[in-house]
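Chemist: Give me a 3D structure for the following:
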Amino acid sequence: MRNTSDPVRNGNNPHSAHVVLTRPQKAGLVIALLIIGIIAILRPMLVLQTIVAVVTLAYGAAIIFRVVLVYAAGRGEHQVRVSDEDARAVPDDELPIYTVLVPAYNEPSVIGMLMTHLGAIEYPRDKLEVILLLEEDDRETIEAAEASISGDHVRILVVPESQPKTKPKACNVGLEQSRGEFVTIYDAEDIPDPLQLRRAVVALRRLGKDYVCLQAELSYFNVDQNRITRWFSLEYATWFRSLLPGLVALRMPIPLGGTSNHFRTQELRELGAWDPYNVTEDADLGIRLARSGYRVGVLHSVTLEEANSDFINWIKQRSRWYKGYLMTWLVHLRSPRATFRQLGWRGLLCLNLFVGGTPLAAVLNAVLWATTLLWFLDRPPIMEEIFIPPYYYIGLFCLIFGNATVIYLNVLSVRTMDRPDLLGTALLSPLYWAMMSLAGAKAAWQLVVKPSYWEKTTHGLHLQEASK
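Modeler: Below is the predicted model of the structure:
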């Protein structure tokens, strides 16, 4: 068996984001920019028309892709369901050892609640291993955890100070010392379904060895805190109830969420575990699982998280996610032939339209909105030259049908959540998209200046709101 995570830690993994752009990628980018620059000097209008055509076609493809995903997931057949009765029917002595990794940093205020939520898990304590992964310099959280721990199945593992200081690095440290046949990750503020571990065991045994991971659904316990948490909840409902099951239905790679993903430990170790340099290590791991021929399922079991309720905090979190998606996209395009050979055309389509397309659309949206506004306000003649038929009509399709489609998906989430009171929030989605554009711009900037910097998300804001 391959060493757990040394290839990743040392930056020798060919899919590691330790170096975001390799020398061949940098050389290709420079050559492409030089060629575009020369053509722009000689034929500037041709370059502008080509850029508009490429962006417009990409937008149209991304919109159609999401519609297809939602349609594919529509019958609800692509979530793995394990009833409460089946989950509890497995005798305790037939359950495997299960490791729960909980990375936390600067989280003293939520550690006590974490212990309560983990204590509600219905799994025999002699088969459960909970490892709290706490950073060496975070004495406050370590002390809070020491005061809250109850039971021999929970232990603190202090992660030595080293770079990069990221969640995936901490998870790799924990994985090296884990004893479980299966392993999962929970964040410090998570409230998992008490039967989730049992459901995962039953499901993975049913599905067979081809399935190495199950992603449980994530939702929020503070939906109604403010408008941002309502938007966030609708977005997550669309993501986990429509888009990810749609990817499963179409046999495409699944960009994993950062928590409640349940793995077979041996295969995870053989794969090289998490990339500590990628700030969305979960999405990257989902692509690497697919490249290795493994399958990922979506488990019908909900973990409740805290939705970001603060604008600045939300921008920090979302820009990190977008940066990591861009990292993952660039990393897996280093060898396009190998990627195509391992993922096939479906996987390559997902990588470009879903993984790369999501943050790129957020970055470009503001530019396209400004262009549209300029057209309606002034109608400069150059706009007619740039937006030539048929790309003008495709762009019009994206503007009208595309925006309406995304709003409709949020309205659909209102229905799946059985929350008609969120309809107004769904119709106000364009304001949320503006926030996404700000986060996308920040992500693009950070990708250049500090790619592996992990911008910490502050948790427990709902507690501050409740205390007012």
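
Chemist: Spatially nearest residue to residue 251, not counting backbone neighbours?
Modeler: Spatial nearest neighbour of residue 251, excluding adjacent residues (C-beta to C-beta, 6 or more residues apart in numbering): residue 346 at 6.2 Å. The C-beta positions use only the backbone N, C-alpha and C, and glycine is treated the same way.

Chemist: CA atoms of stretch 55-63 as PDB?
Modeler: Taking C-alpha atoms only, stretch 55-63 is exported to PDB below (Å, rounded to 0.1, in the frame of the first residue of the first chain):
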ATOM      1  CA  VAL A  55     -17.400  33.700 -23.600                       C
ATOM      2  CA  THR A  56     -20.900  33.700 -25.000                       C
ATOM      3  CA  LEU A  57     -20.600  30.100 -26.200                       C
ATOM      4  CA  ALA A  58     -19.200  29.000 -22.800                       C
ATOM      5  CA  TYR A  59     -22.000  30.700 -21.000                       C
ATOM      6  CA  GLY A  60     -24.600  29.100 -23.200                       C
ATOM      7  CA  ALA A  61     -23.000  25.600 -22.700                       C
ATOM      8  CA  ALA A  62     -22.800  26.100 -18.900                       C
ATOM      9  CA  ILE A  63     -26.500  27.100 -18.700                       C
END
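
Chemist: residues making contact with it?
Modeler: Stretch 55-63 is contacted by residues 353, 357, 360-361, 364, 368, 391, 394-395, 397-398, 401-402, 405 when judged by C-beta atoms under 8 Å, 6 or more residues apart in numbering.

Chemist: as a whole number, average confidence for it?
Modeler: Averaged across stretch 55-63, the pLDDT comes to 92.

Chemist: What are the buried residues along it?
Modeler: Going by neighbour count (16 or more other C-beta atoms under 10 Å), the buried part of stretch 55-63 is 55, 56, 58, 59, 60, 62, 63.

Chemist: Relative to residue 458, how far out is the second one?
Modeler: Per C-beta to C-beta, to the nearest Å, residue 56 is found 39 Å from residue 458.

Chemist: just the last one next, same as before
Modeler: For residue 63, the distance to residue 458 (C-beta to C-beta) stands at 34 Å.

Chemist: coming back round to it: PyMOL command for the buried members of the contacts of stretch 55-63?
Modeler: Here is the PyMOL command that picks out the buried ones among these, judged by 16+ other C-beta under 10 Å:
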select buried, resi 353+357+360+361+364+368+391+394+395+397+398+402
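
Chemist: among the contacts of stretch 55-63, which are in helices?
Modeler: Among these, the members found in helices (DSSP state H) are 357, 360, 361, 364, 368, 391, 394, 395, 397, 405.

Chemist: Serialize these to JSON lines and add fields for distance to residue 330 and pLDDT.
Modeler: Shown next, in JSON lines, are these (distance: C-beta to C-beta, whole Å; pLDDT from 0 to 100):
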{"residue": "357", "distance to residue 330": "13", "pLDDT": "94"}
{"residue": "360", "distance to residue 330": "11", "pLDDT": "94"}
{"residue": "361", "distance to residue 330": "16", "pLDDT": "92"}
{"residue": "364", "distance to residue 330": "17", "pLDDT": "90"}
{"residue": "368", "distance to residue 330": "23", "pLDDT": "88"}
{"residue": "391", "distance to residue 330": "26", "pLDDT": "89"}
{"residue": "394", "distance to residue 330": "27", "pLDDT": "89"}
{"residue": "395", "distance to residue 330": "27", "pLDDT": "88"}
{"residue": "397", "distance to residue 330": "29", "pLDDT": "88"}
{"residue": "405", "distance to residue 330": "28", "pLDDT": "90"}
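
Chemist: Going by distance to residue 74, which of those wins?
Modeler: residue 405 (14.4 Å; C-beta to C-beta).

Chemist: wait, what's in contact with the closest one?
Modeler: Residue 405 is in contact with 63, 66, 67, counting by C-beta under 8 Å, 6+ apart.

Chemist: Give me the subset of the residues you listed lying in helices.
Modeler: 63, 66, 67.

Chemist: Now the last one. Nearest residue, chain neighbours left out?
Modeler: Looking back up the chat, that one is residue 67. Nearest one to residue 67, counting by C-beta to C-beta, 6+ apart, is residue 405 at 6.2 Å.

Chemist: measure the one you found to residue 43 for me?
Modeler: Residue 405 is 35 Å from residue 43, by C-beta to C-beta.

Chemist: Show me the residue at the heart of the protein, geometrically.
Modeler: The centroid of the chain falls nearest to residue 257 when counting by C-alpha atoms, centre = their mean (4.5 Å).

Chemist: I'd say it and residue 218 touch.
Modeler: Yes - between residue 257 and residue 218 there is a contact at 5.4 Å, judged by C-beta atoms under 8 Å.
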